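**Student:** for reference, the sequence and a predicted model appear below.
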Amino acid sequence: MSKAPVRVAVTGAAGQIGYSLLFRIASGEMLGKDQPVILQLLDLPQAQKAVKGVMMELEDCAFPLLAGMIATDDPNVAFKDAQIALLVGARPRGPGMERKDLLSENAKIFTVQGKAIAEHANPDCKVLVVGNPCNTNAYIAMKTAEKVGRIPSKNFTAMLRLDHNRALAQLAIKTGRPVSSFEHIVVWGNHSPTMYPDYRFCTSNGESVKDLINDETWYREVFIPTVGKRGAAIIEARGLSSAASAANAAIDHIRDWWLGTNGRWVTMGVPSDGSYGIPEGIVFGFPCVCENGEYRIVQGLPIDDFSRERILATLNELMEEREGVKDLLG
Ligand SMILES: NC(=O)C1=CN([C@@H]2O[C@H](COP(=O)(O)OP(=O)(O)OC[C@H]3O[C@@H](n4cnc5c(N)ncnc54)[C@H](O)[C@@H]3O)[C@@H](O)[C@H]2O)C=CC1
Ligand SMILES: O=C([O-])CC(=O)C(=O)O
C-alpha cells in the first residue's frame, strides 16, 4: 500500500530557489522515492501569477509522487497541517549588501510565519529557514511560535548545509579526492562570513585531512574565508544570489533529518541546548547526526584556542542580531 502523502509548505515559491527546489521535492529526492507529497506554496499576492506558472510546469512533469498542490498568499492556509515547512521567501541580498542589511527587512516575515506555523501546522512540523539572515530568522520564528506552544522549539532550524557542502567541495578541490571520501566536516555558527568551517576532525578514507593538507596557512587564510565568502562570490559572478546550490542544500538538510544520516555528521543550524557553551536558544551551526526523524548535536569535540576564538566571533554576531530583533519579539 502506498504511503500517506506528506504536506510540505514552501514559502517564496515563485523565487529562484523555489524554481530549483519544488521539482526535486516533487520527484522524491527529499523524502524518498516512495513518499507522495502535497505542496503548499506561499508567496506574496503579486507573485501568485508566477506561482501558478510554476504549478503548471509541475503538472507538466507528471510526477507520480505529487499528490496535490495549492498556492496561496495566506500563511495560515499554506502551513495548515504541514509536516515540513521550508521558509525560503525573503528578500535576497544584492551586490555589496551584507546579511545584516536584511535583518530588519526580513525579520517581520518570520514573526508572522512563526505564529502561523504554531497555530496551524502539524504539531511535529519540521521547519527549515533558508531566507536570510537564516539563523536569526529561525530564532524569530521559534520565539514567536513558543508563545503558542504547540511545536517543539527544537524543530526550528536554519540552513548551514550549503556552507557544509561548500567546505567539502573546497577540500575535494584542494586534495584532488572525491567529495564522497570526506567525513566529519563541521561549520560552526552563523550563516555569514563569520562562520567557522572546521576541518580538524575531517577524514578522507580514514586519513586526517588536516595532516593530508598539512598547511595551516592555507586553512586559515584561504579555506576559511573562501567558504565564508562564497555567497558573496556567487553574487559577484552571477549578479544573483546562489539558487540551485541553495535548493540542493535544503533538500540535503531535510532528507537527512527525515531519513537519517547513518551516523554521518551533517551541519545543521539548530537552537542551542547549551552545548559547547553556546547560550540556549541561539540558532547555531553544530555538527549533528540524525536518526528516527530527530537530530542530535555531536558532543565532546575538543575546542582549541583558535577554534574557541572563531566560535566566539560568530556567536557574538548572533548575539548582536538577537539584540537587534528584541523589540520585534515583545
Ligand atoms: N541559507 C542559505 O544558505 C541561503 C539563503 N538564501 C536566501 O534565500 C532567500 C530567497 O532567495 P531567492 O529565492 O534567491 O530570492 P527571490 O527574490 O528569487 O525569491 C524570493 C521569493 O520570496 C517571496 N517572498 C517575499 N516575501 C515573502 C513573504 N512574506 N511570504 C512569502 N513569500 C515571500 C518573493 O515574492 C519571491 O518570490 C533569500 O533571503 C536569500 O538570501 C539564498 C541562498 C543561500
Ligand atoms: O550570500 C547570500 O546572500 C546568499 C547566501 O546566503 C549564500 O549564497 O550563502
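**Tutor:** Received it, and whenever you're ready, just let me know what you need. Ligands and ions are numbered 1, 2, ... in the order given.
**Student:** and the residue of the stretch 1-150 of the chain that's closest to ligand 1?
**Tutor:** residue 15 (2.0 Å; C-beta to the nearest ligand atom). All C-beta atoms are positioned from the backbone trio N, CA, C, and that covers glycine.
**Student:** er, the stretch 201-330 of the chain I mean
**Tutor:** Closest point on the stretch 201-330 of the chain to ligand 1, by C-beta to the nearest ligand atom, is residue 246, at 3.5 Å.
**Student:** follow-up on the earlier one: wait, doesn't the residue of the stretch 1-150 of the chain closest to ligand 1 sit right on residue 86?
**Tutor:** No - assessed by C-beta atoms under 8 Å, residue 15 is found out of contact with residue 86, at 11.5 Å.
**Student:** tell me the bridge partners for residue 284.
**Tutor:** With DSSP bridges as the criterion, residue 284 is bridged to residue 270.
**Student:** what separation do you get for it and residue 292?
**Tutor:** Relative to residue 292, residue 284 is positioned 23 Å away (C-beta to C-beta, to the nearest Å).
**Student:** more neighbours: which of these two?
**Tutor:** Shown here are residue 284 and residue 292; by other C-beta atoms under 10 Å, residue 284 has more neighbours (26 against 6).
**Student:** how much space is there between the more buried one and residue 258?
**Tutor:** Taking C-beta to C-beta, one finds residue 284 at 21 Å from residue 258.
**Student:** residue 306 now?
**Tutor:** 35 Å.
**Student:** okay, these two: which has more neighbours?
**Tutor:** residue 258 (17 against 14).
**Student:** which residues does the helix or strand hosting the more buried one contact?
**Tutor:** Using DSSP states H and E, residue 258 sits within helix 244-259. Helix 244-259 has contacts (C-beta atoms under 8 Å, 6 or more residues apart in numbering) with 17-18, 20-21, 24-25, 29-32, 84, 86, 88, 126, 128, 130, 157, 159, 161-162, 164-166, 234, 264, 266, 268, 290, 293, 295.
**Student:** out of those, who's near ligand 1?
**Tutor:** 17, 18, 88, 130, 159, 162 (C-beta under 6 Å from any ligand atom).
**Student:** any chance of these in TSV, with neighbour count too?
**Tutor:** Shown next, in TSV, are those (neighbours: other C-beta atoms under 10 Å):
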residue	neighbour count
17	27
18	26
88	28
130	28
159	29
162	26
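**Student:** farthest-separated two in those residues?
**Tutor:** The distance between the two most remote of these (C-beta to C-beta) is 15.7 Å, for 18 and 162.
**Student:** mind showing which ranges of the chain have poor pLDDT?
**Tutor:** 1, 99 (pLDDT under 70).
**Student:** how about residue 3, nearest residue that isn't a chain neighbour?
**Tutor:** Excluding its sequence neighbours, the residue lying closest to residue 3 (C-beta to C-beta, 6 or more residues apart in numbering) is residue 35, at 5.6 Å.
**Student:** please read the previous query as pertaining to residue 307.
**Tutor:** residue 198 (6.1 Å).
**Student:** what sits against the one you found?
**Tutor:** 185, 186, 187, 188, 307, 310.
**Student:** who wins for neighbours among the residues you listed?
**Tutor:** Greatest neighbour count in these, by other C-beta under 10 Å, goes to residue 187: 28 neighbours.
**Student:** of the ones next to ligand 1 among the contacts of helix 244-259, closest to residue 9?
**Tutor:** Nearest to residue 9, judged by C-beta to C-beta, of these is residue 88 at 10.3 Å.
**Student:** re the thing from before, ok, now how distant is the residue of the stretch 201-330 of the chain closest to ligand 1 from residue 236?
**Tutor:** Per C-beta to C-beta, residue 246 is found 16 Å from residue 236.
**Student:** residue contacts, the residue of the stretch 1-150 of the chain closest to ligand 1?
**Tutor:** So residue 15 contacts 43, 47, 88, 89, 92, 243 (C-beta under 8 Å, 6+ apart).
**Student:** if we can go back for a sec, beta partners of the residue nearest to residue 307?
**Tutor:** residue 186.
**Student:** in JSON lines: the contacts of residue 15, plus distance to residue 76 and secondary structure.
**Tutor:** JSON lines is the format used below for these (distance: C-beta to C-beta, whole Å; DSSP: H, G, I helix; E, B strand; the rest coil):
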{"residue": "43", "distance to residue 76": "15", "secondary structure": "coil"}
{"residue": "47", "distance to residue 76": "18", "secondary structure": "helix"}
{"residue": "88", "distance to residue 76": "18", "secondary structure": "coil"}
{"residue": "89", "distance to residue 76": "15", "secondary structure": "coil"}
{"residue": "92", "distance to residue 76": "25", "secondary structure": "coil"}
{"residue": "243", "distance to residue 76": "28", "secondary structure": "coil"}
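**Student:** name the nearest of the residues you listed relative to ligand 2.
**Tutor:** residue 92 (5.8 Å).
**Student:** where do the helices sit along the stretch 101-250 of the chain?
**Tutor:** In the stretch 101-250 of the chain, the segments counted as helices under DSSP state H, counting those that start in this stretch are 134-148, 161-175, 209-213, 216-218, 224-228, 230-238, 244-259.
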